[in-house]
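*Asks:* below: sequence and its predicted model.
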Amino acid sequence: MDLGLKGRTAIVCAASKGLGRGCAEKLAEAGVNLTICARTKEPLEATAEAIRTATGVSVKAITCDITSDAGRSAILEACPKPDILINNAGGPPPGDFKDFALSDWRAAVESNMITPIALIQATVYGMMERGFGRIINITSYSVKNPIAHLELSNGARSGLTGAIAVLARKSAAHNVTINALLPGPFDTDRLRGTSMKISAQTGRSYDEVHNERMQDVPAKRFGAAEEFGAAAAFLASQYGGYITGQNIVLDGGCYPGTF
Ligand code: NAP
């Protein structure tokens with residue numbers, strides 16, 4: 001299938017590893033020129049070079065913290081008129097509601113709500129004028145299925161979901177769509193890191209903890225970043241124009257509801 005993306009441009013935030021990298025790779029395979037970012041220079045440069053070598057597309061690598069004003073300015077300067085915007089950043093830390101300070105809530109909202117809103121506001125109107133745009137917010141299945149100890153994530157990501165729901169309908173007439181992909185457990189550094197933490201806290205082995213978590217997934221495995229990236233590439237494609245304002249769960253069947 002020709003996704004119709006050859007020669008398009010994309011900003012993919014937080015893309016040196018994990019789900020962001022999965023999206024960057026699949027867009028690059030479809031011929032999209034990329035601007036990607038992460039906070040740590042070496043892995044970001046290595047990812048950019050690997051994608052250039054594998055696909056031949058142009059990849060600008062911007063070392064920045066996307067949750068800062070300076071970081072967002074840097075990436076928009078590198079790619080002021082993207083056709084595709086993939087919003088992503090690290091998730092807020094776990095904890096108990098009674099222990100969270102207001103500063104924790106403010107940081108979570110800044111990172112996982114304000115940052116994507118700022119990037120959408122800076123790019124969506126140009127997309128509408130040009131008659132093409134695809135915006136994908138990487139959120140979490142916690143938006144549909146709240147996760148204990150991740151209240152900061154549950155709250156900030158749900159706020160983003162509500163904030164863009166009307167805009168996603170307004171922009172559709174201009175062939176600009178805004179959707180969210182809601183990952184369940186995907187096999188990334190983040191997931192492996194949380195298994196390591198549980199292992200350290202409980203004294204159980206990493207393998208035991210990790211495999212037990214895997215068995216909780218109806219698919220009996222974790223998702224792969226390339227599966228996630230392929231879903232993003234389809235939403236971004238010429239065939240994605242009739243899907244907007246949706247929250248699409250990719251979770252191997254974890255979400256227990258019928259709808
Ligand atoms: P990951 O494997 O740890 O990769 C995170 C990537 O984001 C890295 O490239 C990291 O590079 C970059 N990054 C993090 N914070 C950044 C920032 N402030 N500015 C720029 N780049 C930043 O994580 P992942 O599993 O792909 O997760 C991506 C998002 O999906 C997170 O918000 C996570 O909470 C959410 N999520 C993941 C899962 C899962 O199972 N994997 C499930 C639900 C939700 P640097 O550290 O160098 O900046």
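*Replies:* On my side now, so go ahead. Numbers count the residues shown, from 1 in each chain.
*Asks:* burial count for the residue nearest to A38 when sequence neighbours are not counted?
*Replies:* Excluding the flanking residues, the one nearest A38 by CB to CB, 6 or more residues apart in numbering is S16, at 3.7 Å. All C-beta atoms are positioned from the backbone trio N, CA, C, and that covers glycine. For S16, the neighbour count with other CB atoms under 10 Å is 22.
*Asks:* now do S16 against the ligand, distance only.
*Replies:* 4 Å (CB to the nearest ligand atom, to the nearest Å).
*Asks:* next one: F259
*Replies:* 20 Å.
*Asks:* how near is L167 to R72?
*Replies:* Distance, L167 to R72, using CB to CB, to the nearest Å: 18 Å.
*Asks:* these two: which is more packed in?
*Replies:* R72 (21 against 18).
*Asks:* that one - that's part of a strand, no?
*Replies:* No - checked against DSSP: H, G, I helix; E, B strand; the rest coil, R72 lies outside a strand; its state is helix.
*Asks:* wait, it sits on I66?
*Replies:* Yes - with contacts counted by CB atoms under 8 Å, R72 reaches I66, the gap being 6.3 Å.
*Asks:* need the overlap of contacts for the two.
*Replies:* T115, L119 (CB atoms under 8 Å, 6 or more residues apart in numbering).
*Asks:* following the longest strand along the chain, which helix or strand shows up next?
*Replies:* Longest strand of the chain, by residue count under DSSP state E: strand 176-183. On the C-terminal side of strand 176-183, the closest following helix or strand by DSSP states H and E is helix 189-202.
*Asks:* and the residue nearest to C79 when sequence neighbours are not counted, bridged to which residues?
*Replies:* For C79, ignoring the flanking residues on the chain, the nearest one in space by CB to CB, 6+ apart is T35 at 3.8 Å. The partner list for T35 in beta bridges (DSSP bridges) reads I11, K60.
*Asks:* give me the neighbour count for T35.
*Replies:* Every residue meeting other CB under 10 Å relative to T35 is counted, giving 25.
*Asks:* so for the residue nearest to the spatial centre of the chain, what's the pLDDT?
*Replies:* When CA atoms, centre = their mean is applied to the chain, the residue found nearest the centroid is I138 (2.8 Å). In this model, I138 is scored at 98, pLDDT.
*Asks:* same check, this time on the one 4 residues further on
*Replies:* Among the per-residue scores, S142 holds a pLDDT of 93.
*Asks:* same deal with G203?
*Replies:* The predicted local confidence for G203 is 95.
*Asks:* any idea how far it is from D216?
*Replies:* 20 Å.
*Asks:* more neighbours: which of the two?
*Replies:* Between G203 and D216, counted using other CB under 10 Å, D216 has the larger neighbour count: 10 against 6.
*Asks:* what sits up against the helix or strand bottoming out on mean pLDDT in the chain?
*Replies:* Least confident helix or strand of the chain, by mean pLDDT, DSSP states H and E, is helix 189-202 with a mean of 92. Contacts to helix 189-202, defined as CB under 8 Å, 6+ apart, come from residues 17-18, 90-91, 94, 185, 204-206, 208-210, 213, 222.
*Asks:* in a helix, the residue nearest to A38, correct?
*Replies:* No - counting by three-state DSSP, S16 is not part of a helix but coil.
*Asks:* check what pLDDT it gets.
*Replies:* On the pLDDT scale, S16 gets 98.
*Asks:* okay but it is in contact with E49, surely?
*Replies:* No - checked against CB under 8 Å, the pair S16 and E49 is beyond contact range at 11.3 Å.
*Asks:* ok, the residue in the chain sticking out farthest from the centre - contacts?
*Replies:* For the chain, the residue at maximal distance from the C-alpha centroid (CA atoms, centre = their mean) is G203, at 31.9 Å. If you count contacts by CB under 8 Å, 6+ apart, G203 has none.
*Asks:* now swap in A24 and tell me
*Replies:* A10, V12, A15, L34, I36, T47, I51, V59, I86, G229.
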